[in-house]
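Asks: below: sequence and its predicted model.
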4 protein chains.
Amino acid sequence: MPSDKLTQAQLDHILTTDAPFSAHYGFVVEVFDIGTARIRLPYDTRHTRPGGTISGPAMFALADFGMYVAVMGAIGPVALAVTTNMTIDFLRKPAERDLIADVSLIKLGKRLAVGRVEIRAEGEDDICAHVTGTYSIPPR
Amino acid sequence: MPSDKLTQAQLDHILTTDAPFSAHYGFVVEVFDIGTARIRLPYDTRHTRPGGTISGPAMFALADFGMYVAVMGAIGPVALAVTTNMTIDFLRKPAERDLIADVSLIKLGKRLAVGRVEIRAEGEDDICAHVTGTYSIPPR
Amino acid sequence: MPSDKLTQAQLDHILTTDAPFSAHYGFVVEVFDIGTARIRLPYDTRHTRPGGTISGPAMFALADFGMYVAVMGAIGPVALAVTTNMTIDFLRKPAERDLIADVSLIKLGKRLAVGRVEIRAEGEDDICAHVTGTYSIPPR
Amino acid sequence: MPSDKLTQAQLDHILTTDAPFSAHYGFVVEVFDIGTARIRLPYDTRHTRPGGTISGPAMFALADFGMYVAVMGAIGPVALAVTTNMTIDFLRKPAERDLIADVSLIKLGKRLAVGRVEIRAEGEDDICAHVTGTYSIPPR
């Protein structure tokens, strides 16, 4: 499952160091490879709004984290890769269960990587939130 | 400071009920009025990445929360107003201090409200993160 | 090819009336159905920048037009459906040939439709421009 | 009015060479300076939809062109500066008159410039369309 650019140990380091907010959310990296990732956000009422909807910021954090993992999977554990832009469309209220984010890079350039994320409630076909985002890659 | 559409008590209710994640971040509503708001995110290393940068998800949460307050200030405490779309540009690393979000609605229609948020480190002129977002307003 | 919501004659009417700019670009509707469309922008140096790149506004027009066709295919020829928001990522310079836009709606609600568009140079796999956009649907 | 980075003659060259679509729209550069610009789109029924609304693609072209002028005003006539991302919110139908775009850069880095554009019908206060966009600046 690890890509040849990123080992499991390096990923674990990222999880605990570069993205400290991931512990708050309990993100689980289910798959990562060269430019793709699948991340799980376990259902937890700490992240819901009244009515059981997962909050927008939790979905944003999930997408941002997933894109970071996909970029690291493609270029290796580069310090200082930073998000420059993200657009999120909230499409429908997810069911009250874990959320799954499927990330794929649609561009991997020398300076910029652009990714797309589809977030769904586990087991559902409909996309709950759709995200595109850009990461700036430092000179190597 | 309260608008004629939203009392301080109603706002406090929003803070604790509709936006439970606000407690995690410790948001402080410094100003709110008809379609505008100023929100503070107190500096806390729980929300930083290595190097002291406030994380992207924390800035997103700040903007989303601020826009919610501005919409409530304009239309009153309407249940179910939901974010449909947000775009965030991360412009520069903020200084290691509180962040201030200045929110203003640039459209207030019957069905949609659109807002703009400028986030700065306290006391600085440069914008650290710029956000535009849309809220869907339920039929009344 | 026409959906049961939209006949070819209705589509032709849209082409010439609602989207007068489509004549300037010479858009060709290759496929349209319930919530999907494929549109061609014939290569024409009128729409290129130095070096042969199709201009950004031409790609934006292609995506906007394609999304309009997909919405009409889903809900029928509704007057006054209007774009409320579009985000476009320009990923790479397309080859000097026709552009193909593949549109699919990822949400079709009562009030809002959200679509996603992938633009490629004909015969290529890589996406040149990626678009998400929202249409507001008038009450019926 | 010209900035010290960009002469009027250089700007005229940009108008006719780098942005050939500007002739189609008849853009007039009313002001340009270091990181700011004001551009006029003369009212012309060629660019309207039924009901007299200026089309979305025309407003997008206006914003994209204005941001290009503002970037050139800040860094000089650099070949190959390209748009990487734009988000446009359509807020209200403009009156049937010239449109004015006010552009300001909110970030000017070595690699990326980010701008914000407010489009209004001439003489009106309300913003008709709001745009944020990013330009990639080639290494110098």
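Replies: All right, it came through fine.
Asks: break down chain A into its helices, ranges please.
Replies: Ranges of helices in chain A, per DSSP state H, are A:8-13, A:21-25, A:56-75.
Asks: please list the residues of chain A that sit near chain C.
Replies: A:87, A:89, A:91-92, A:106-107, A:109, A:114, A:116, A:127, A:130, A:132, A:134 (C-beta under 8 Å from any C-beta of the partner chain). Bear in mind the C-beta positions are built from the backbone N, C-alpha and C, glycine included.
Asks: farthest pair in these?
Replies: The span of those, defined through C-beta to C-beta, is set by A:Arg92 and A:Gly109 at 32.7 Å.
Asks: in terms of neighbours, single out the busier of the two.
Replies: Shown here are A:Arg92 and A:Gly109; by other C-beta atoms under 10 Å in any protein chain shown, A:Arg92 has more neighbours (17 against 13).
Asks: all strands of chain A, in order?
Replies: A:28-33, A:36-41, A:82-90, A:99-108, A:112-121, A:129-136 (DSSP state E).
Asks: I'd like the ones you listed laid out as JSON lines, including mean neighbour count, distance to D:Tyr43 and mean pLDDT.
Replies: Listed next are those as JSON lines, based on neighbours: other C-beta atoms under 10 Å in any protein chain shown; distance: least, C-beta to C-beta, whole Å; pLDDT from 0 to 100:
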{"stretch": "strand A:28-33", "mean neighbour count": "17", "distance to D:Tyr43": "52", "mean pLDDT": "92"}
{"stretch": "strand A:36-41", "mean neighbour count": "23", "distance to D:Tyr43": "48", "mean pLDDT": "96"}
{"stretch": "strand A:82-90", "mean neighbour count": "24", "distance to D:Tyr43": "31", "mean pLDDT": "96"}
{"stretch": "strand A:99-108", "mean neighbour count": "21", "distance to D:Tyr43": "37", "mean pLDDT": "98"}
{"stretch": "strand A:112-121", "mean neighbour count": "23", "distance to D:Tyr43": "36", "mean pLDDT": "97"}
{"stretch": "strand A:129-136", "mean neighbour count": "24", "distance to D:Tyr43": "34", "mean pLDDT": "97"}
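Asks: now the ones you listed as CSV including distance to chain B?
Replies: Formatted as CSV, these follow (distance: least, C-beta to the nearest C-beta, whole Å):
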stretch, distance to chain B
strand A:28-33, 17
strand A:36-41, 12
strand A:82-90, 4
strand A:99-108, 13
strand A:112-121, 13
strand A:129-136, 9
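Asks: of all those, which one is nearest D:Ala74?
Replies: Checking these against D:Ala74 by C-beta to C-beta gives strand A:82-90 as the closest, at 18.1 Å.
Asks: quick revisit: most packed of the helices of chain A?
Replies: Among the helices of chain A, the stretch with the highest mean neighbour count (mean count of other C-beta atoms under 10 Å in any protein chain shown) is helix A:56-75, at a mean of 26.
Asks: near chain D at all, it?
Replies: No. Under the criterion of C-beta under 8 Å from any C-beta, chain D is not reached by helix A:56-75; the shortest gap measures 14.4 Å.
Asks: pLDDT (mean, whole number) over that helix?
Replies: For helix A:56-75, mean pLDDT rounds to 94.
Asks: hmm, back to that, now render the helices of chain A as CSV, adding distance to C:Thr45.
Replies: Converted to CSV, the helices of chain A look like this (distance: least, C-beta to C-beta, whole Å):
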stretch, distance to C:Thr45
helix A:8-13, 48
helix A:21-25, 49
helix A:56-75, 36
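Asks: want to try JSON lines for these, with distance to chain B as columns?
Replies: Formatted as JSON lines, the helices of chain A follow (distance: least, C-beta to the nearest C-beta, whole Å):
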{"stretch": "helix A:8-13", "distance to chain B": "11"}
{"stretch": "helix A:21-25", "distance to chain B": "5"}
{"stretch": "helix A:56-75", "distance to chain B": "4"}
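Asks: nearest to A:Thr83, of those?
Replies: Of all the helices of chain A, the one in closest proximity to A:Thr83, counting by C-beta to C-beta, is helix A:56-75 (6.0 Å).
Asks: all good on my end, thank you.
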